[in-house]
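Novice: Attaching a predicted model along with its sequence, questions to come.
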Amino acid sequence: MSDDGQDQPFDCQDCGACCHLPAKFLDDPARYVDVYPDDEIRRDVKHRTKLRQVAEYRGQGYWGLKMTDGDKPRCQQLDGVLGERVGCTMYELRPTPCRTFTAGTVRCVEARTRMGIPTPEDFVPTDIDAQPKNTVERMLGKPRWLRSEE
């Protein structure tokens with residue numbers, strides 16, 4: 001149950017599908033999860049070593065979380081077995097795209113379907129994820145990972 005007393009059909013720690021990249025990004029040499037300037041791992045100087053361990057500098061001020069290689073790339077910080085039990089090794093420092101990805105949304109159900117993780121048949125997903133306006137979006141418009149869905 002969630003804090004508001006509603007049943008939650010999904011437990012993120014039993015899934016991990018959102019941490020895998022969609023097939024449409026497999027040929028994209030820039031496949032990664034954006035780390036925004038507002039994200040704590042970039043803002044706070046005490047996390048600079050961790051940032052360099054988990055992310056790659058992409059040029060022009062952009063950083064992205066490192067992904068695994070192969071035909072089903074996933075975030076290197078995802079620990080566990082997809083669809084069974086997973087966890088983020090940097091949960092407290094995870095970037096905005098990870099913080100705002102919401103269980104039970106259309107994107108969640110699409111990710112689960114893509115990775116072969118069942119969704120309850122009678123479940124109706126919510127329309128969108130909660131996407132806060134952050135510095136990058138204010139400066140540059142929607143992040144690339146949001147523009148690709150339009």
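Specialist: Structure's in. What do you need? Treat the numbers as computed from the prediction; the structure is a model and nothing was measured.

Novice: Assign the residue nearest the centre of the chain to helix, strand or coil.
Specialist: When C-alpha atoms, centre = their mean is applied to the chain, the residue found nearest the centroid is Cys98 (3.6 Å). Judged by DSSP: H, G, I helix; E, B strand; the rest coil, the three-state class of Cys98 is helix.

Novice: can you give me the helices for the chain?
Specialist: 40-43, 48-54, 96-100, 106-114, 135-140, 144-147 (DSSP state H).

Novice: how close does the residue nearest to the centre of the chain sit to Glu110?
Specialist: With distances taken as C-beta to C-beta, to the nearest Å, Cys98 is found 16 Å from Glu110. Where you see a C-beta, it was placed from the backbone N, CA and C, and this is true even at glycine.

Novice: Name the nearest residue to Asp39, ignoring sequence neighbours.
Specialist: Closest residue to Asp39 apart from its sequence neighbours, by C-beta to C-beta, 6 or more residues apart in numbering: Pro95 at 4.6 Å.
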